[in-house]
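Engineer: Need a 3D model of the sequence below.
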Amino acid sequence: MTTVDVIVVGAGPAGAATAILLAERGWSVTLLDKAAFPRPKICGEYLSPEAARILDRLGVLKAVDQAGAQPLRGMKIVAPDGTVLEGSYPTTGRWRGYRDHALAFPREALDRILVDRARGLPIDVRERHRATGLVRSASAVTGVQAQNEDGEPCEMAGRLVVGADGRHSVVASALGLLRPHRLRRMALIQHVSGLEDIVDRGEIYLDPPDYAILNPVAPGLVNLGLVVPMHHARAFAHRLGAFFNARLRQLRHLAPRLSAMKAEGRLMAMGPLAYRVAEPQADGVMLVGDAAGFYDPFTGEGVFTALRSAELLTETAHAALTEGDLSRDRLAAYAVARCHEFASKSRVTNALQLLIARRRLANVVAHMLSRRPSLLDAVLGVFGDFVPPAELLSPALLRRV
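Structural biologist: Residues are numbered from 1 along each chain as shown. This is a model prediction of the structure:
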């Protein structure tokens, strides 16, 4: 059995990006996924302005543009009392995104483009290969157990195994790393048509304890996502369509827009959204993307986080492979880098949970932001992943507001 340098389990954005970046560094890579691409995937289908930088680095941004990605110049946020905020991504000043706009783009198309890019490199791409476990040697992970496209068991040996297999990660589960989270929410997502005047802005409707997000992923087609407490949906487990439509009608500032709505494709559901994943305590293994944990989709940073995590992982993995040291202590530099990169954004997301859950507080904050457009745009820049969260408390900004 041939031993490759890296086995990446999962060919979504995090896994495909990791495989591409490591292959470009000269390492031999096997990329496997249980699915055949293209395949549907539940997602808010939002790419922040800074995600474009990484897509460009991966060599796929032009293909994403040509496939019809929809530019988003900002976000419209509607508070529980109907206060409307229309913010734009900052295009002047100290902080600028790689582009001046975000993108809305079907996840199925994005994943296909990334996998096609991987196929164009010396990467062994294996679709319809389901990882079933890990190969262990003492305290090290040395490979992956899998089933091939015919359902036959097989083993693959690798110096480094990267788990990029999402929220139900086989890699994280095999290592006993999955942890529950106290935040118990569920997302229901469907493509719909018949919604007018959604062109170059996403829309968020807050109506605690729920919120809805709309992204125009193609002309006339909108990704409509609804996030609700898990226990509210439990009794409707076999009637989620009826629950979805009834709950949307209860969002009083969104409901009038949905009178001509028509479902396009099937309703997809996922929950609980939030979960934690501990850091690996074995040699020769790393986690990236949703396999490393997930919190809440309100700020829409999921794809950017996956892509940026792949960049950070590549830096550590490349150095460790070069040095021949794949111990957990050497690979721990990645966890440190990831914490440094995302800790501030995580604090912003935690603060947003207070607004999502508390109607009166959400209204108070909306009224404040409506009087301070520069602060609102800065918040959009944080959502867009190019304005550091600490900038929201900078003396210069506070003087302006």
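
Engineer: Whichever helix in the chain runs longest: what's the following helix or strand?
Structural biologist: Using DSSP state H, we find that the single longest helix of the chain is helix 328-357. Next along the chain after helix 328-357, taking DSSP states H and E as the criterion, comes helix 359-370.

Engineer: what distance separates that next one from the middle of the whole chain?
Structural biologist: 27 Å (Cα atoms, centre = their mean, to the nearest Å).

Engineer: Name the surrounding residues that touch that helix.
Structural biologist: 77, 79-81, 83-85, 87, 206-208, 354-356, 375-376, 379 (Cβ atoms under 8 Å, 6 or more residues apart in numbering). Every C-beta, even on glycine, is put in place using the N, C-alpha and C of the backbone.

Engineer: Just the buried positions in it, please.
Structural biologist: The neighbour-count check on helix 359-370 (16 or more other Cβ atoms under 10 Å) flags 359, 362-363, 365-366, 369 as buried.

Engineer: now that helix against helix 328-357, angle please.
Structural biologist: Per axes from the mean of the first three to the mean of the last three Cα atoms, to 10 degrees, the angle that helix 359-370 makes with helix 328-357 is 100 degrees.

Engineer: Beyond helix 359-370, next helix or strand please.
Structural biologist: With DSSP H and E, the next secondary element past helix 359-370 is helix 373-383.

Engineer: for that next one, the distance to its chain's centre please.
Structural biologist: 20 Å.

Engineer: Pull out the buried residues from that helix.
Structural biologist: Residues 375-383 are the ones in helix 373-383 that count as buried (16+ other Cβ under 10 Å).

Engineer: Can you give me the neighbour number for the nearest residue to residue 33 once chain neighbours are set aside?
Structural biologist: Counting by Cβ to Cβ, 6 or more residues apart in numbering, the nearest residue to residue 33 once its immediate chain neighbours are dropped is residue 11, at 3.8 Å. A count of neighbours around residue 11, defined by other Cβ atoms under 10 Å, yields 29.

Engineer: Just list the residues touching residue 11, thanks.
Structural biologist: Residue 11 sits next to 19, 31-33, 35, 37, 111, 114-115, 118, 125, 127, 164 when contact means Cβ under 8 Å, 6+ apart.

Engineer: Taking the buried residues of helix 359-370, tell me the two that lie furthest apart.
Structural biologist: Pairwise distances across those (Cβ to Cβ) peak at 16.0 Å, for the pair 359 and 369.

Engineer: thinking again about what came up before, in helices, which of the contacts of residue 11 fall?
Structural biologist: 19, 111, 114-115, 118.

Engineer: From residue 34, how far out is the spatially most central residue of the chain?
Structural biologist: Taking Cα atoms, centre = their mean, the centroid of the chain lies closest to residue 302, which sits 1.6 Å from it. Taking Cβ to Cβ, to the nearest Å as the measure, residue 302 falls 20 Å from residue 34.

Engineer: what stretches of the chain score poorly on pLDDT?
Structural biologist: 295-301, 393-401 (pLDDT under 70).
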